[in-house]
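Student: I'll drop the sequence and a predicted model, then ask my questions.
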Amino acid sequence: MTRPRLLLALAVLGAGAMMLAGCATPSGAGSGSAAPTESGSASASPGASSGGAAGTDDVEAAWLDGGRGVGLVTYGSSSCLPVVGEPTYADGVLTVDISDPEGEACTRDLVPRGSYVGLPEGVDPTRELEIVVTGTYADDTDLDGLEGEIAVPEEFAPSAGWADDDMLLVLSWGSSTCPPVLESAEAAGAEVQVRFAEPVADQVCTADMAPRVTVVMVTGDVDDDAAVTAVLSGGEFADVRVPVLGRA
């Protein structure tokens, strides 16, 4: 082949290659998402945080510790508990920041997690409390004031409060790395039997004294006209009886 014909052939081949490249879409370009896996869904890093769990479900609240604190329920990763900021209180409104921890690898499941908020001075548990949550889980909710005589537990004693029709929160104090693990919760009349799992053998726990809020989904029927008692058993509890504050 003469030199002029060779150059012409190479030019034609180059133009054809450029046209084919222009018709193809590079992996991940133009779609804003990762390439799909065999199941048809975009692949996700197992260490990535669920992040925007806020807005997926409303924040729930319950009175705890004889009205000295509240428990707040947010929905997100089971492996990364949210960080609670210092609360403030003014004109009947409690404001608290609840955000995801920074720089931690979190599972992408979606579960209810309980957080304890100690109340600032001036909060009256017998009056309605408006709660404004800022941060990752921005939302607002309110709690009706407690009625009747309020039993204030001793320091570091467990307590419980209603957050919803079939959800109660149990506050306990102990190692932050070894919280109680719920097994079951069955209601019958004016009692809710709440059973926890036995501790894992040779489990190493920190020696701090931290508040742990367990979200308890209750089965069975509760007597709406009676003061309900939660009976805590198993694990670190030996049939401890605590009144459940509030009504759902």
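Tutor: That came through fine. Note that the structure is predicted; figures quoted are calculated from it, not measured. Residues are numbered from 1 along each chain as shown.
Student: Quick one: low-confidence residue ranges for this structure.
Tutor: Low-confidence segments of the chain (pLDDT under 70): 1-56, 248.
Student: Helices along that one, start to end?
Tutor: For the chain, the helices defined by DSSP state H cover 3-23.
Student: Quick check: bridge partners of the residue most central in space within the chain?
Tutor: Central residue of the chain (C-alpha atoms, centre = their mean): R113, 3.0 Å from the mean position. Beta-bridge pairing for R113 (DSSP bridges): T74.
Student: just V242 next, same as before
Tutor: Counting by DSSP bridges, V242 forms beta bridges with A230.
Student: Let me see the contact set for it.
Tutor: Contacts for V242 (C-beta atoms under 8 Å, 6 or more residues apart in numbering) come out as P153, A157, P158, S159, A160, V170, T229, A230, L232. Where you see a C-beta, it was placed from the backbone N, CA and C, and this is true even at glycine.
Student: Provide a list of residues in contact with T229.
Tutor: T229 makes contact with A190, E191, V192, R241, V242, P243, V244 under the criterion C-beta under 8 Å, 6+ apart.
Student: what about the last one, neighbour count?
Tutor: Using other C-beta atoms under 10 Å, the number of residues around V244 comes to 27.
Student: export the contacts of T229 to TSV and tack on distance to S77?
Tutor: Converted to TSV, the contacts of T229 look like this (distance: C-beta to C-beta, whole Å):
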residue	distance to S77
A190	36
E191	33
V192	27
R241	33
V242	29
P243	32
V244	28
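Student: Please produce a ChimeraX select command covering the buried subset of the residues you listed.
Tutor: In ChimeraX syntax, the buried subset of these is picked out as below (16 or more other C-beta atoms under 10 Å):
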select :191,192,242,244
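Student: Which two of the contacts of T229 have the greatest separation?
Tutor: Pairwise distances among the contacts of T229 were taken by C-beta to C-beta; the largest, 13.0 Å, belongs to A190 and V242.
Student: quick revisit: and the contacts of V242, which of them are in strands?
Tutor: Among the contacts of V242, the members found in strands (DSSP state E) are S159, A160, V170, T229, A230, L232.
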